[in-house]
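Novice: here you go, sequence then predicted model.
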Amino acid sequence: YKRQVLNSLMGTVDTMMVSNVGSAAISAVSLVDSINVLVIQAFSALAAGGAILCSQYIGQKNHEMANKSARQVLFIITAISVAVTALCLLFRVPLLKLIFGKVEADVMTASQVYFFYTALSFPFIALYDAGASIFRSQGNTRGPMTVSVISNVINIGGNAALIWGFNMGVAGAAIATLASRVFCAVAVSYTHLRAHETRG
């Protein structure tokens, strides 16, 4: 639960840090973040379900099936997240209009920008969720938590640099979030590879 809170915290931090950009930016980030939180929770649920299977095989000392299940979880959740991202990118304008109805033009424009970059981050946060869940099934909770904390620090630092330093506004907040989630995915994947090499 702490990990999920940290994942969802990024949108809240983005909202706080774009507060000096204007009310349209605040509204856009808040609105889009309500969608992002639902998507992230769905990925977390899928990852948790896959981790249960891994835990059962680990409990049975069946490491071959545990590894096979872990690979399947990673593949399936990545495939689903890529499909979701593709749909969100293709239909982001009608989707936002359908969900939020008639909002101010500047809010809708900012929402489209923020949703574009955060939707790109879906496969990365999904891959991190799957990897973190597999780690937890192996009894390793510290690693994923550490990665999540570092990613939030990256997000805050990126926000400060892009929003205030480069005056990129909503786009800066979204790009910082994307970068932090790419870090999550890379860090967890690298750790998995190192662990596999060590066992090998």
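Specialist: Yes, it's here.

Novice: could you use CA atoms for every contact and neighbour count after this?
Specialist: Fine.

Novice: CA atoms of the one helix or strand Met145 maps to as PDB?
Specialist: Element membership for Met145 (DSSP states H and E) is helix 142-159. Below are the C-alpha coordinates for helix 142-159, written out as PDB (Å, rounded to 0.1, in the frame of the first residue of the first chain):
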ATOM      1  CA  ARG A 142      12.800  -3.000   0.600                       C
ATOM      2  CA  GLY A 143      14.100  -2.900  -3.000                       C
ATOM      3  CA  PRO A 144      10.800  -1.800  -4.700                       C
ATOM      4  CA  MET A 145      10.200   0.700  -1.900                       C
ATOM      5  CA  THR A 146      13.600   2.300  -2.300                       C
ATOM      6  CA  VAL A 147      13.100   2.600  -6.100                       C
ATOM      7  CA  SER A 148       9.700   4.200  -5.500                       C
ATOM      8  CA  VAL A 149      11.200   6.800  -3.100                       C
ATOM      9  CA  ILE A 150      14.000   7.600  -5.500                       C
ATOM     10  CA  SER A 151      11.600   8.000  -8.400                       C
ATOM     11  CA  ASN A 152       9.500  10.500  -6.300                       C
ATOM     12  CA  VAL A 153      12.700  12.500  -5.600                       C
ATOM     13  CA  ILE A 154      13.400  12.500  -9.400                       C
ATOM     14  CA  ASN A 155       9.900  13.700 -10.100                       C
ATOM     15  CA  ILE A 156      10.200  16.600  -7.600                       C
ATOM     16  CA  GLY A 157      13.600  17.600  -8.900                       C
ATOM     17  CA  GLY A 158      12.400  17.300 -12.500                       C
ATOM     18  CA  ASN A 159       9.400  19.400 -11.800                       C
END
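
Novice: how far does it sit from the chain's center?
Specialist: 12 Å (C-alpha atoms, centre = their mean, to the nearest Å).

Novice: with stretch 129-141 instead?
Specialist: On C-alpha atoms, centre = their mean, the centre of stretch 129-141 falls 16 Å from the chain's centre.

Novice: and if you look at stretch 113-129?
Specialist: Stretch 113-129 has its average C-alpha position 5 Å from the chain's average C-alpha position, going by C-alpha atoms, centre = their mean.

Novice: what's the answer for stretch 170-187, then?
Specialist: Worked out by C-alpha atoms, centre = their mean, stretch 170-187 lies 8 Å from the chain centre.

Novice: also stretch 90-105?
Specialist: The answer for stretch 90-105 is 22 Å, by C-alpha atoms, centre = their mean.
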